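Colleague: Please find the sequence and the predicted model below.
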Amino acid sequence: MENNVISSDSNENNKEKKEINVLLNKEEKENGKVDISEKTEMQELLNKKENENGKIENKEKKTEPPKKKQRQSNIELLRIIAMYLIISHHFSIHGNFSFSKNELTVNQFWLKFITIGGRIAVDTYVLNSGYFLINSKSVKINKVLKMLFQMYTYAILDFIVGYIAKVEGFGWYYLFFYLFPISLNVWWFASNYVILYLLSTTINKLLNTFDRAQYKTFLLFTTLIWTIIPALTTQNDFINNLIWFFYMYCFSGYIRRYSLKDKNYSGILFIGISILIYLLTFGFLVFCSYRGVKSKYFSYLSTRFYVMNIIPVFASAAFLFLGFLKLNITSKFINFVSATTFGIYLIHDGRFINIVIWEKIFKNNTYKESDYLIPYSIGVSLIVFIGCSIIETIRIYTIEKLYLKFIDNLSIKIDNLYQKFINSKFINKF
């Protein structure tokens, strides 16, 4: 409605402007010359109309806000589920549980079950990132700085909690570690993720040199050496977390580039296949655990399913990711909660905070033989998720707002310095 009014006003002003010009030309033709004062008055009137018209056009432009990228709630929901599974995984591995080799109980198997789920969740998180970064042309310095300042915020919080709670192993020398959270691997996932992001445009340039057949061959070869062979042998030394993140980035990049999500398949079916693989993997783990009582080989196999790059874990993650890509969900609430997931990870998996949460507050290991371990782990993981999400929301709307302008200015300066360095004579010599 407002746009129609603006358009109408604009048309009227244009009409009046034309009439003034016609009148001015007519006077000049009839009299040969026009009185200077009269001509000046007409010219001022014409300029006034042009200024009014310009203001209306500017107003019209202001009424059209820039379009924001719409977050895909289906993928954001997957992020939320993945982070919850990761918290449950940490309930198990950081809960200070201890079982003997021959101690096979329902509680022990439940802890192994949620441990596998956490590994699948990590894989889906990285697949998600690769899918959306594969077409990026440049690294956003302000995004890197935002993540870095986010890490600094929670590094300070982690240090304060460690000091107040008098956590065993706490020392002032950790301040040095927290100054370099990425290079000193304070949070292993965050460190590898940031490095992967910094390398993303270089990886994209490499992948852009592949045609579809070459890309497929590359994925088949890396799948063989980084997932299948390690699953069938005891050799897993030639791959680390960053290499595995690189592989998953390339895998999800292939899905995006060749629009595999547009293929005719059911998202619900693929999610069901993912869950089935998860359950079969867990079933095989239970089988190996029982056989492992008498066989070292089966005992070893029962521990292989904790590894992210083993084919069943990755297959489950891939099907889960493909399944959620096909879902059609729109929810502002899901998008809002999903925006806090990285912060949730940083908070609850801090070096000292995770000890306080799992050992001092919830005392996980005291439920080792409890009949309530399963519902307790589910409830505690949910409490940790909600609590950390609230803390991260407060940070976003308070602390982060204090340094956003500084980050934007700093990112521009860093980008300018980088461009000067790239275009310098020193670099051009190589």
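Modeller: Right, received. Where do you want to start?

Colleague: switch to C-alpha atoms for all contacts and neighbour counts from now on
Modeller: Fine.

Colleague: right, and residue 381 touches residue 88 too?
Modeller: Yes: counting by CA atoms under 8 Å, residue 88 is a contact partner of residue 381 at 5.5 Å.

Colleague: Name the residue in those two with the higher neighbour count.
Modeller: Set side by side, residue 381 and residue 88 show more neighbours around residue 88, with 26 against 21, by other CA atoms under 10 Å.

Colleague: And the contacts of the helix or strand hosting that one?
Modeller: Counting by DSSP states H and E, the element that carries residue 88 is helix 73-93. Applying CA atoms under 8 Å, 6 or more residues apart in numbering, the contact partners of helix 73-93 are 111-112, 114-119, 121-122, 124-125, 128, 321, 324-325, 327-332, 334-335, 337-338, 341, 344-345, 348, 358, 364, 377-378, 381-382, 384-385.

Colleague: Now list the buried members of these.
Modeller: Neighbour counting with 16 or more other CA atoms under 10 Å marks 111-112, 114-119, 121-122, 124-125, 128, 321, 324-325, 334-335, 337-338, 341, 344-345, 348, 358, 364, 377-378, 381-382, 384-385 as buried within the contacts of helix 73-93.

Colleague: which outside residues touch the helix or strand hosting residue 280?
Modeller: Assigned by DSSP H and E, residue 280 falls within helix 267-291. Residues outside helix 267-291 that contact it (CA under 8 Å, 6+ apart): 104, 109, 112-113, 116-117, 298-299, 301-303, 305, 312-313, 315-327.

Colleague: buried ones in that helix?
Modeller: Buried, per 16+ other CA under 10 Å, within helix 267-291: 267, 270-275, 277-279, 281-282, 285-286, 288-291.

Colleague: could you point out which element follows it?
Modeller: That would be, after helix 267-291 and using DSSP H and E, helix 296-301.

Colleague: Can you list the buried residues in that following helix?
Modeller: Going by neighbour count (16+ other CA under 10 Å), the buried part of helix 296-301 is 298-299, 301.

Colleague: and that helix, what does it pack onto?
Modeller: The contact analysis (3 or more CA pairs under 8 Å, 6 or more residues apart in numbering; DSSP states H and E) places helix 296-301 against helix 267-291.

Colleague: distance between stretch 354-367 and the chain's centre?
Modeller: 28 Å (CA atoms, centre = their mean, to the nearest Å).

Colleague: what does that stretch contact?
Modeller: With contact meaning CA under 8 Å, 6+ apart, stretch 354-367 is reached by 91, 94-97, 165, 167, 348, 373, 380.

Colleague: residue ranges with poor pLDDT in the stretch 151-300 of the chain?
Modeller: Residues of the stretch 151-300 of the chain meeting the criterion pLDDT under 70: 234-237.

Colleague: what's the domain layout of the chain?
Modeller: Here the chain is described, according to automatic domain parsing, as comprising the domains 2-62, 73-397.

Colleague: Single out the most deeply packed of these.
Modeller: domain 73-397 (a mean of 18; mean count of other CA atoms under 10 Å).

Colleague: distance between the ends of that one?
Modeller: With CA to CA, to the nearest Å applied, domain 73-397 spans 22 Å between its terminal residues.

Colleague: ok, residue 239 - contacts?
Modeller: residue 226.

Colleague: distance of it from residue 76?
Modeller: 29 Å.

Colleague: likewise residue 386?
Modeller: Counting by CA to CA - residue 386 and residue 76 are separated by 16 Å.

Colleague: cool, and residue 404?
Modeller: Counting by CA to CA - residue 404 and residue 76 are separated by 24 Å.

Colleague: Please identify the helix or strand for residue 221.
Modeller: Assigned by DSSP H and E, residue 221 falls within helix 212-223.

Colleague: make that residue 335, sorry
Modeller: Counting by DSSP H and E, residue 335 is part of helix 332-338.

Colleague: Show residues contacting that helix.
Modeller: Residues outside helix 332-338 that contact it (CA under 8 Å, 6+ apart): 71-73, 76-77, 79-80, 389.

Colleague: Over to stretch 384-400?
Modeller: Residues outside stretch 384-400 that contact it (CA under 8 Å, 6+ apart) are 83-84, 87, 337, 340-341, 343-344, 347-348.

Colleague: Out of those residues, flag the one nearest to residue 215.
Modeller: residue 83 (30.4 Å; CA to CA).

Colleague: Find me the pLDDT at that closest one, would you?
Modeller: Looking at residue 83, its pLDDT reads 97.
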